[in-house]
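S.K.: Sequence below, structure please.
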Amino acid sequence: MSDEEINQRYCGSDKCKFLFVYNQPDEESLANQHMRNFIQLAKELNRTMVLTNVGQSRISSCRKFPFNFYYSIESLLQEYPHVSFITQENFKRWTKLRHEKPDTQHIFIARGGTNSTINIVNPKSSSLELIQKKNCLNQFEMKFNGNTIFKKIRTGKGFWILDETRSQFSKFLIDNLNEIDEEIILLNHDIRNPFFSKNLPKIDYSKRILQEADRIINDLQPFISIYWRMENALPSSQLPECAQRLVETFKRIKTSLGIENVYFTTDYPISSLSGGQNLSFLTQDHHKAIEILNSTIKLNTWSTMKSFNNLLENNIVKENTKEFNGRGINGILDKLIAINSDYFLTSPPGCGINYKDDFILAVSNARTELMNEGNERLLNTITHW
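M.R.: I've put the predicted structure just below:
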């Protein structure tokens with residue numbers, strides 16, 4: 001089979017052009033937002049978008065699971081009908097099948113600096129090896145070596161604040177990347193805000209996750225969702241008192257609203273699959289706080305609700321226990337359940353709250369949106385006990 005025939009099979013053209021954003025710097029909620037921007041960029045560049053692997057709440061070429069482990073490819077095709085997609089696995093197959101290995105150009109988009117500037121950088125061979133190793137790029141058979149062009153693009157400070165400067169940057173980006181003739185654009189970035197002005201279609205979660213969330217929500221309704229990330233609580237000696245305050249708050253809500261069921265999300269290890277979790281922060285105070293809650297409140301969790309039981313029968317999935325340590329697929333499940341809970345409760349300052357916590361921001365924003373749309377079942381946006 002000739003390279004042209006291989007290309008036709010994998011991208012529908014004699015010459016393939018891919019955009020491979022091999023790493024998203026943030027965890028799932030923000031990574032999802034970044035992904036939407038880069039899908040739009042692929043559309044503007046008329047390049048096929050590589051659907052990077054996922055795992056442990058990340059979108060990254062080093063992760064173990066395909067994109068559809070978290071997200072619905074069917075909805076992606078509906079929402080972005082003019083974009084071509086390829087899974088990371090099929091992209092890898094394409095590189096392996098090619099006789100003449102595809103050429104690459106590497107782009108890094110960096111925050112700050114002078115507005116909309118681009119520079120060619122010459123990485124040392126050791127840096128090149130580090131990029132390959134750190135991002136598992138050596139699994140792909142492509143020309144990524146000392147001859148690869150490396151460019152660094154600067155966004156400028158606060159480019160995302162105004163639609164005008166955001167549009168200027170996105171136009172600058174499109175104009176420059178359109179000049180690239182290499183078959184693969186390898187792209188990495190450290191930006192935290194969208195660079196397209198218009199609201200882009202959301203990427204729906206996979207049917208597996210949505211069905212599991214619906215099952216638990218229906219089983220528990222009406223219910224309170226409690227989110228407590230304990231790692232940030234300093235000093236930890238206050239945790240038992242925090243737990244007691246939570247119990248008292250729950251009793252008041254139970255009396256006033258008649259809600260008894262609770263769904264609990266925490267970074268405290270609640271499952272036998274928490275073995276991959278960083279537990280170095282745990283103290284006797286953490287254990288005591290959970291004991292206080294367990295003695296008073298029936299805490300339903302993704303684990304007690306037997307979530308993803310069918311999935312956990314798959315040995316490949318089960319071996320990746322880090323996926324179930326609170327920041328993986330069950331973290332997405334926890335978020336969807338919290339968004340659709342009747343009442344959302346989280347910790348106050350001093351008990352571990354972080355107002356920039358991605359989970360809290362995603363849940364409170366989604367609940368605000370639902371309430372603005374007229375959802376009368378939701379009784380609050382967010383309350384700190």
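S.K.: in stretch 225-240, what counts as buried?
M.R.: Neighbour-count burial for stretch 225-240, counted by 16 or more other Cβ atoms under 10 Å, picks out 225-231, 233, 236, 238-240. Bear in mind the C-beta positions are built from the backbone N, C-alpha and C, glycine included.
S.K.: Now for the residues you listed: which two are most distant?
M.R.: Maximum pairwise distance among the buried residues of stretch 225-240 (Cβ to Cβ): 23.8 Å, between 225 and 236.
S.K.: Let's have the buried residues of stretch 225-240 in CSV, adding pLDDT.
M.R.: Formatted as CSV, those follow (pLDDT from 0 to 100):
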residue, pLDDT
225, 98
226, 97
227, 96
228, 94
229, 90
230, 89
231, 83
233, 82
236, 87
238, 92
239, 95
240, 96
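S.K.: out of those, which are inside strands?
M.R.: Using DSSP state E, the members of those that fall in strands are 225-228.
S.K.: after the least confident helix or strand in the chain by mean pLDDT, next one along is what?
M.R.: Taking all helices and strands of the chain together, the one with the lowest average confidence (mean pLDDT, DSSP states H and E) is helix 315-319, at a mean of 63. Using DSSP states H and E, the helix or strand that follows helix 315-319 towards the C-terminus is helix 329-339.
S.K.: so how far is that following helix off the chain centroid?
M.R.: 12 Å (Cα atoms, centre = their mean, to the nearest Å).
S.K.: what's the answer for stretch 1-20, then?
M.R.: A distance of 29 Å separates the C-alpha centroid of stretch 1-20 from that of its chain, computed with Cα atoms, centre = their mean.
S.K.: now what about that stretch, what contacts it?
M.R.: Contacting residues not belonging to stretch 1-20 are listed as 38, 41-42, 45-50, 52, 61, 84, 86, 90-91, 93-94, 97-100, 102, 183-187 [Cβ atoms under 8 Å, 6 or more residues apart in numbering].
S.K.: all strands of the chain, in order?
M.R.: Applying DSSP E to the chain gives strands spanning 18-21, 48-51, 54-55, 58-59, 85-87, 104-110, 112-121, 149-156, 184-189, 223-228, 261-266, 343-346, 383-384.
S.K.: Show me the shaky parts of the protein.
M.R.: Scanning the chain for pLDDT under 70 picks out 271-279, 315-321, 325-326, 355.
S.K.: let's go with 80 and repeat that
M.R.: Within the chain, the stretches with pLDDT under 80 are 124-126, 197-198, 232, 270-281, 310-322, 324-327, 353-356.
S.K.: all helices in it, in order from the N-terminus.
M.R.: Per DSSP state H, the chain has helices spanning 3-11, 28-45, 73-79, 88-97, 125-134, 163-177, 207-220, 239-257, 284-296, 309-312, 315-319, 329-339, 358-372. These are given in chain order.
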